[in-house]
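Asker: Give me coordinates for this.
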Amino acid sequence: MKALVYVGQKQLEFREVPDPVLREGEVLVQIESVGICGSDMHAYLGHDERRPEPLILGHEAAGTIVTGNSKGKRVTINPLVSCSDCSYCLDGRENLCSERQIISMQPREGAFAEYVAIPETNVVEVPSHVEWDKAALAEPIACGWHATRIAREKLHGNNWASANTLVIGGGAIGIGAALSLHAQGVKNVVLAERNETRVAYLRALGEFDVVSTAQLSTDAGYDLVIDCVGMGATRQQASQSVLAGGMIVSIGLGDSLDGLDLRRFTLQEIGFVGTYTYTHDDFCQTAKAIFDGTLGSLSWTEPRTLADGGQAFTEILTGVAAAPKIILKPKL
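Answerer: I've put the predicted structure just below:
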């Protein structure tokens, strides 16, 4: 099969590789759409020791099962594979399983390819009316859906529907968080983005209250802040923006340095929680919300051929890619 292979820092090769070998309980999925994630970019830059070269990246995927009793079924893929037996898995918190694996991370090859192997329990059927590119968004949006659910549980004493909320980061994770907040009942959501090209793109969509991070006040004004970037500067912005008694939820994994004002958190009883990926139930709920239109038009993707994936990575890295999500298409 053809695949886009990470072979070294800022190096991708589109080449022939062996077809996936199925483990027990797995199916082979022919990929129709697969998104480029921030974690793929981290690996591309050589910043993720969990993704050593050579490796097929990509985990935001949808396609058609081509093996077994489910052959022909249209599916979106939950890429997080857990052990199913530990206390976390049995409690429905598979994302915390110590044995968890994710496709595109050793030892599991990813979906920047014509085919990927995945346990059949990790696929969710996609209705015929749902476009492939939208189905592939289940994974990134599920991160925001999970973070929103956690925030709602933590802020149970506040008026959830009227909470003033700031989402930092206008990529797919940030947009997914903003859409998830609206879908789960929050009315007042501001989406902040640093890249002015992206800001203009998002404003043109007309679906979000979008501001440039340069326009954000240093005064506290938000009951809830969701940091979808995870850098020192965005943590500092979150620390400044959250109200006393409020909550910061961190999704982003940009770095692990600086930014949090722990003294202020203590003096003003500000909560902080990190959230990682999603549970399988979160993934299924997100997929359903995509399928029934609850999450809106999802018209902020841009398709490219898988063969042109290297150029797409370059455009994302240099900041010229306006669309929040580039979708690679093996069959284009």
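
Asker: contact partners of stretch 225-234?
Answerer: 144, 147-148, 151, 165-169, 171, 173-174, 177, 181, 235, 237-238, 241-242, 246-255, 257-259 (C-beta atoms under 8 Å, 6 or more residues apart in numbering). C-beta: built from backbone N, CA, C; applies to glycine.

Asker: Swap in 7 Å and give it another go.
Answerer: Here stretch 225-234 makes contact (C-beta atoms under 7 Å, 6 or more residues apart in numbering) with 147, 166-169, 171, 173-174, 177, 235, 238, 241-242, 248-255, 257-259.

Asker: tell me the mean pLDDT over that stretch?
Answerer: Stretch 225-234 comes out with an average pLDDT of 95.

Asker: How far away from the center of its chain is that stretch?
Answerer: Centroid displacement of stretch 225-234 relative to its chain, using C-alpha atoms, centre = their mean, to the nearest Å, is 14 Å.

Asker: list the buried ones in it?
Answerer: Neighbour counts using 16 or more other C-beta atoms under 10 Å place 225-231, 234 of stretch 225-234 among the buried residues.

Asker: Repeat that for stretch 179-192.
Answerer: For stretch 179-192, the neighbour count (16+ other C-beta under 10 Å) marks 179-184, 186, 188-192 as buried.

Asker: if you look at the contacts of stretch 225-234, which of them are in strands?
Answerer: With DSSP state E as the criterion, strands contain 166-168, 242, 248-250 from among the contacts of stretch 225-234.

Asker: Specify which member of the residues you listed is nearest to Ile270.
Answerer: When the ones in strands among the contacts of stretch 225-234 are ranked by distance to Ile270 (C-beta to C-beta), Val242 comes first, at 5.5 Å.

Asker: hmm, back to that, just the buried ones among the contacts of stretch 225-234, please.
Answerer: Buried members of those, counted by 16+ other C-beta under 10 Å: 147, 166-169, 171, 173-174, 177, 235, 238, 241-242, 248-254, 259.

Asker: buried ones in the helix or strand harbouring Glu153?
Answerer: Assessed by DSSP states H and E, Glu153 sits inside helix 138-154. Buried residues in helix 138-154, defined by neighbour count with 16+ other C-beta under 10 Å: 138-152.

Asker: helices and strands around that helix, which ones?
Answerer: helix 172-183, strand 242-250, strand 271-274, helix 280-291 (3 or more C-beta pairs under 7 Å, 6 or more residues apart in numbering; DSSP states H and E).

Asker: Go through these and name the closest to Ile56.
Answerer: Of the helices and strands packed on helix 138-154, nearest to Ile56 by C-beta to C-beta is helix 172-183, at 20.2 Å.

Asker: Could you please name the strands the helix or strand that that closest one is followed by pairs with and the direction of each pair?
Answerer: Per DSSP H and E, the first helix or strand lying C-terminal to helix 172-183 is strand 188-193. Neighbouring strands of strand 188-193 in its sheet, by DSSP bridges, are strand 164-168 (parallel), strand 209-212 (parallel).

Asker: what mean pLDDT does strand 188-193 have?
Answerer: Mean per-residue pLDDT for strand 188-193: 96.

Asker: what's the answer for stretch 72-87, then?
Answerer: Across stretch 72-87, pLDDT averages out at 97.

Asker: And the contacts of it?
Answerer: Residues outside stretch 72-87 that contact it (C-beta under 7 Å, 6+ apart) are 29, 59, 61-65, 89, 94-95, 97-104, 108, 118-119, 122-126, 128, 135-136, 138-139, 277, 280, 283, 287.

Asker: taking those residues one by one, which sit in helices?
Answerer: Among the contacts of stretch 72-87, the ones falling in helices (DSSP state H) are 89, 135, 138-139, 280, 283, 287.
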